[in-house]
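K.L.:
have a look; sequence and predicted model below, questions after that.
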Amino acid sequence: MSQQTPEAVIIQRTIAAPPEKVFAAWTDPGLLAQWWGPPGTHVTSVEIDLQINGRYRIGLQQPNQDIYFVNGTYQLIQPPEKLIFTWHWEQPSMDIGQSLVTIEIRRHGPHSTLTLTHAQLPQPARASHRQGWQGILHNLATFLNQPPLTEQLPINNK
């Protein structure tokens with residue numbers, strides 16, 4: 001008996017930074033807070049427990065909207081090449097169940113090629129998540145090409 005699984009959203013992007021910097025941007029809460037989220041979104045909090053089965057939680061807010069949270073657990077951590085984590089929206093109105101995000105980073109000369117795969121994503125959520133990830137990866141590329149901000153955010157790095 002074969003079982004159908006939801007297709008994945010796969011996005012690849014070249015980033016003008018070495019893999020070590022790209023990986024740190026995904027795993028250091030102070031760095032992640034400076035670029036995460038689609039354009040127009042403000043990160044309100046970041047919690048990262050960077051270990052296998054460690055949890056993360058990110059608070060996001062768009063103008064004149066409530067704060068919404070995404071959370072999950074780290075399944076694989078291989079600096080600076082690979083990061084796999086579960087993905088779950090906390091708000092019932094956004095709940096699509098648990099899915100899986102894989103970040104693969106490969107050195108490409110002085111740059112990195114990042115491949116993001118968001119698997120186990122139901123069909124109705126794919127278009128919005130693809131758009132969101134495209135904006136997030138654009139923010140990441142822009143962030144890594146600018147000096148870091150000094151804004152202090154509520155961050156919990158366990």
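P.N.:
Thanks, I have it. Residues are numbered from 1 along each chain as shown.

K.L.:
the lengthiest helix in the chain packs against which elements?
P.N.:
Scanning the chain for the helix with the most residues, using DSSP state H, yields helix 123-143. Judged by 3 or more CB pairs under 8 Å, 6 or more residues apart in numbering; DSSP states H and E, helix 123-143 is in contact with strand 9-15, helix 19-27, helix 29-35, strand 111-119. All C-beta atoms are positioned from the backbone trio N, CA, C, and that covers glycine.

K.L.:
cutoff 6 Å now
P.N.:
strand 9-15, helix 29-35 (3 or more CB pairs under 6 Å, 6 or more residues apart in numbering; DSSP states H and E).

K.L.:
out of the ones you listed, which comes closest to residue 104?
P.N.:
strand 9-15 (9.1 Å; CB to CB).

K.L.:
and the closest one with helix 19-27, angle?
P.N.:
Counting by axes from the mean of the first three to the mean of the last three CA atoms, to 10 degrees, strand 9-15 lies at 130 degrees to helix 19-27.

K.L.:
from the contact counts, what lies against strand 9-15?
P.N.:
Against strand 9-15 (3+ CB pairs under 6 Å, 6+ apart) you get strand 111-119, helix 123-143.

K.L.:
ok, residues contacting the shortest one?
P.N.:
Strand 111-119 is contacted from outside by 8-16, 19, 22, 100-106, 129, 133, using CB atoms under 6 Å, 6 or more residues apart in numbering.

K.L.:
buried among the residues you listed? Need that as a selection in ChimeraX.
P.N.:
Only the buried members of the contacts of strand 111-119 enter the following ChimeraX selection, criterion being 16 or more other CB atoms under 10 Å:
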select :8,9,13,15,19,22,100,101,102,103,104,105,106,129,133
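
K.L.:
picking up where we left off before, in TSV: the helices and strands packed on helix 123-143, plus mean pLDDT.
P.N.:
Below are the helices and strands packed on helix 123-143 laid out as TSV (pLDDT from 0 to 100):
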stretch	mean pLDDT
strand 9-15	95
helix 29-35	96
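
K.L.:
so which of these is nearest residue 141?
P.N.:
Between these, strand 9-15 lies closest to residue 141; by CB to CB that is 4.9 Å.

K.L.:
can you list the strands that the closest one pairs with?
P.N.:
strand 111-119 (antiparallel) (DSSP bridges).

K.L.:
please compute how far the partner strand lies from its chain's middle.
P.N.:
10 Å (CA atoms, centre = their mean, to the nearest Å).
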